[in-house]
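Participant: following is a predicted model, sequence given first.
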Amino acid sequence: MARGEAGIDHCPPGGDAGARALAKLLGVDARPYDRSRGIRKPAQLALIVEADCIGCTKCIQACPVDAIVGAPKFMHTVVDALCTGCELCVPACPVDCIVMLPP
Ligand code: SF4
Ligand code: SF4
């Protein structure tokens, strides 16, 4: 964005307020965020239903911020303080034991 190569409207998590703030910061015209890039949602956190976890480690590999801890064939868990709510771990789980909840 600083180089003028990306628009100020590309961040659904920031919503319209984020797009406005970026426009002001960069001195460009304000516009709503681009809905084709995703829909802004309320904040959420991943929760692993630990009793159902088979310890396959696929969620660890899918998480871009290293918010999941665990070892092969042992229960895994989410570190709430690190989870961004991106949902990338949910489809990675072969036993569907990851749910998204309000923080
Ligand atoms: S929701 Fe995203 S950040 Fe949170 S644990 Fe899953 S992959 Fe990691
Ligand atoms: S992907 Fe699902 S089953 Fe595999 S370690 Fe993560 S939570 Fe457990």
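Facilitator: Received it, and whenever you're ready, just let me know what you need. Numbering: from 1, shown residues only. Ligands and ions are numbered 1, 2, ... in the order given.

Participant: and the longest helix seen in the chain, what's its mean pLDDT?
Facilitator: With secondary structure taken from DSSP state H, the chain has its longest helix at helix 15-26. When pLDDT is averaged over helix 15-26, the result is 96.

Participant: and if you look at stretch 66-73?
Facilitator: Averaged across stretch 66-73, pLDDT comes to 97.

Participant: what's next to it, contact-wise?
Facilitator: For stretch 66-73, the external contacting residues (CB atoms under 8 Å, 6 or more residues apart in numbering) are 46, 48, 53-57, 59-60, 76-79, 82-84, 89. Where C-beta positions appear, they are placed from N, C-alpha and C, glycine not excepted.

Participant: which ones among those residues also lie next to ligand 1?
Facilitator: Near ligand 1, judged by CB under 6 Å from any ligand atom, the entries from the contacts of stretch 66-73 are Ala46, Val78, Cys83, Thr84, Cys89.

Participant: near the second one, how many other residues are there?
Facilitator: Neighbouring residues of Val78 were enumerated by other CB atoms under 10 Å; the total is 20.

Participant: leaving out chain neighbours, which residue sits closest to it?
Facilitator: Residue nearest to Val78 in three dimensions, not counting chain neighbours: Ala46, with 4.8 Å by CB to CB, 6 or more residues apart in numbering.

Participant: can you tell me what sits against the host helix or strand of that neighbour?
Facilitator: Secondary-structure element containing Ala46, defined by DSSP states H and E: strand 45-48. Contacts of strand 45-48 with the rest of the structure, by CB under 8 Å, 6+ apart, involve 59, 67-68, 75-78, 80, 83, 85, 87, 89-90, 97-103.

Participant: lovely, talk soon.
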